[in-house]
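[1] I would like to see how this sequence folds:
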Amino acid sequence: MTVFEDFKRRGLIAQCTNLEKVEQALNNSKVTFYIGFDATADSLHVGHFLQLMVIRRMQLAGHMPILLLGTGTTMVGDPTGKTDMRKMLSVEEINKNADLFVQQMGRFVDLTPGKAIVARNGDWLMKLNYIELLRDVGVHFSVNHMLAAECVKSRLERGLTFLEFNYMIMQSYDFYKLNQLYNCTMEFGGDDQWSNILGGIDLTRKMTGKEVYGMTFTLLTTKEGKKMGKTEKGALWLDPAKTSPYEFFQYWRNVSDDDVINCLKLLTFVPIEQIEEMESWKDAQLNKAKEILAYEVTAIVHGKEEADKALSAAKNLFGGSGDSEHMPSTVLDAAIFVDGEASILDILVATKLAPSKGEARRLVQQGGIALDDQKVTDIAAKVKASDLSGKEMILKKGKKVFHKISLS
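    Purely as a prediction, here's the structure:
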């Protein structure tokens, strides 16, 4: 099976500028393509992971990836999917984030010279002369067309800064520059990047006369269209210090029945024929599919050893043995104990099982909290420091979220 056929059967392809020519190129030649990663945080998250899996599939098929670090575009910020302007980062913060990205990317993609190219768009964007940019690049963009782009249109009512309005021009210039430097002929990205990718294709054609192509991939969303990868603690990070391997495993183990097959197709290397057989699975079989999903994705991100630990801990917990060795945990600060007691609401906030006391109160009132297998029904319930002296207790939220607490 070709990589293009694999993309189609997995439902990865969302939009493509010329499906027939792209398929021919991927099947019959070695293609140099790129995907951009803006360095907005100190870790990649699960949205990036899907793109990295695309890169890995392409690399295994013999194509040349360019992993473009947005050290220049991050200075501006992509307005796509945002209701407000991104936080402005310093050059030092952006470069530090980009360095961390490269370290993480090396776990998924072969970055050996000759197998992949790592580039930083700050190398050319930070050197551009404003008047030259307006005359040489800006002349090729229609403001009317830019205003019609979804990534711009969705922000106009709330307000879009001139800074962000230039993002499409900068990303488009990246494609032109990579075409000149590396003969890059394809840009890939999430489907929310379609307008920006079209801008780069159009600019490259106008400035060079060359035909280049773009393809977007399905966004990681639930069946209802809600973006996946968000937890109570924020994004689902690939850095184990920010999202532990156990939490990462549990996220995928707890996806809905409607989403598990799609996630297996998009995020794992489980053979597509095997996944298609799972499409008829029901009830307990779907729980097995979720376990496969959680194990496979955790093994790719954190390694087989951590996946084995997470799987063992999950089986022991749900099997009733109470093994808590690899469970997420919080060492409570003694400051939250007053006269030797701490409120259950304060503990839920401290462990981040609830984002606020109001939410903690709601969880208790609805019967969603248990402590050492005893349901907590009183919002005024207290935990004694003496009960935690030299031991641990297990907080449970709902049926599937476990958290270990101890006292410093």
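[2] In the stretch 201-350 of the chain, mark out all the helices, start to finish.
    245-253, 260-267, 272-278, 284-302, 304-319, 344-350 (DSSP state H, counting those that start in this stretch).
[3] closest one to Ala385 among those?
    Closest to Ala385 of those, according to C-beta to C-beta: helix 344-350, at 11.5 Å. To be clear about C-beta, it is placed using only N, CA and C from the backbone, and glycine gets the same treatment.
[4] what residues does that closest one touch?
    Residues from elsewhere that reach helix 344-350 (C-beta atoms under 8 Å, 6 or more residues apart in numbering): 330, 332-333, 336, 354-357, 360-361, 363-364, 369, 371, 376, 378-379, 381-383, 395, 405.
[5] Among those residues, which lie within helices?
    Lys357, Ala360, Arg361, Leu363, Val364 (DSSP state H).
[6] The residue nearest to Val331 when sequence neighbours are not counted: what's it in contact with?
    By the measure of C-beta to C-beta, 6 or more residues apart in numbering, the closest residue to Val331 outside its immediate chain neighbours is Ser408, 4.9 Å from it. Applying C-beta under 8 Å, 6+ apart to Ser408 gives the contacts Val331, Leu332, Asp333, Ala334.
[7] Need the buried ones from the residues you listed selected in ChimeraX.
    Buried residues within the contacts of Ser408, by 16 or more other C-beta atoms under 10 Å, are selected in ChimeraX with:
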select :332
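[8] what's the lowest-pLDDT member of the contacts of Ser408?
    Confidence by pLDDT is poorest for Ala334 among the contacts of Ser408, given 77.
[9] Please name the nearest non-neighbouring residue to that one.
    Ser408 (5.9 Å).
[10] Going through the contacts of helix 344-350, which ones are buried?
    Here, 16+ other C-beta under 10 Å leaves 332, 336, 354, 360, 363-364, 369, 371, 376, 379, 381-383, 395, 405 buried among the contacts of helix 344-350.
[11] From the centre of this structure, give me the residue that's furthest out.
    Most distant residue from the mean C-alpha position of the chain: Asp339, 43.2 Å away (C-alpha atoms, centre = their mean).
[12] Kindly reformat the ones in helices among the contacts of helix 344-350 as a markdown table containing pLDDT and distance to Asn95.
    As requested, the ones in helices among the contacts of helix 344-350 are exported to a markdown table (pLDDT from 0 to 100; distance: C-beta to C-beta, whole Å):
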| residue | pLDDT | distance to Asn95 |
| --- | --- | --- |
| Lys357 | 82 | 39 |
| Ala360 | 83 | 39 |
| Arg361 | 87 | 43 |
| Leu363 | 84 | 41 |
| Val364 | 85 | 45 |
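[13] Now distance to Ala235 too, for the residues you listed, in a markdown table please.
    Shown next, in a markdown table, are the ones in helices among the contacts of helix 344-350 (distance: C-beta to C-beta, whole Å):
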| residue | distance to Ala235 |
| --- | --- |
| Lys357 | 23 |
| Ala360 | 22 |
| Arg361 | 26 |
| Leu363 | 22 |
| Val364 | 27 |
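[14] quick one: which of the residues you listed is nearest Met1?
    Distances from Met1 to these, taken by C-beta to C-beta, are shortest for Leu363, at 47.0 Å.
[15] Hmm, Lys397 and the closest one touching each other?
    Yes. Contact criterion C-beta atoms under 8 Å: Leu363 and Lys397 qualify, at 6.6 Å.
[16] Now list whatever residues contact both of the two.
    With C-beta under 8 Å, 6+ apart as the test, Leu363 and Lys397 both reach Leu353, Ile369.
[17] lowest-pLDDT helix or strand in the protein?
    Lowest on mean pLDDT, DSSP states H and E among the helices and strands of the chain sits helix 150-153, with a mean of 66.
[18] which regions of the stretch 101-250 of the chain sit below the pLDDT cut-off?
    149-159, 161-163, 231-233 (pLDDT under 70).
[19] swap the cut-off to 80 and go again
    135, 138-139, 141-166, 230-234 (pLDDT under 80).
[20] what about the strands in it?
    In the stretch 101-250 of the chain, strands defined by DSSP state E, counting those that start in this stretch lie at 117-120, 186-190, 213-217, 230-231, 234-235, listed in chain order.
[21] In terms of pLDDT, where does Gly81 sit?
    52.
[22] swap in Leu286?
    At Leu286, the pLDDT value in this model is 90.
[23] Distance check, it against Ser256.
    9 Å (C-beta to C-beta, to the nearest Å).
[24] and the two? which has more neighbours close in?
    Using other C-beta atoms under 10 Å, the more surrounded residue of Leu286 and Ser256 is Leu286, with 17 against 12.
[25] which residues touch Glu291?
    Arg253, Leu311, Ala314.
[26] how's this protein carved up into domains?
    According to automatic domain parsing, the chain comprises the domains 3-217, 230-319, 329-407.
[27] How far does stretch 295-309 stretch from one end to the other?
    End-to-end distance of stretch 295-309 (C-alpha to C-alpha, to the nearest Å): 10 Å.
[28] got CSV for the domains of the chain, with distance to Lys223 too?
    Listed next are the domains of the chain as CSV, based on distance: least, C-beta to C-beta, whole Å:
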stretch, distance to Lys223
domain 3-217, 12
domain 230-319, 4
domain 329-407, 19
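[29] now the helices for the stretch 51-200 of the chain?
    Using DSSP H, counting those that start in this stretch, helices in the stretch 51-200 of the chain cover 91-105, 122-125, 130-136, 143-148, 150-153, 162-165, 167-182, 194-208.
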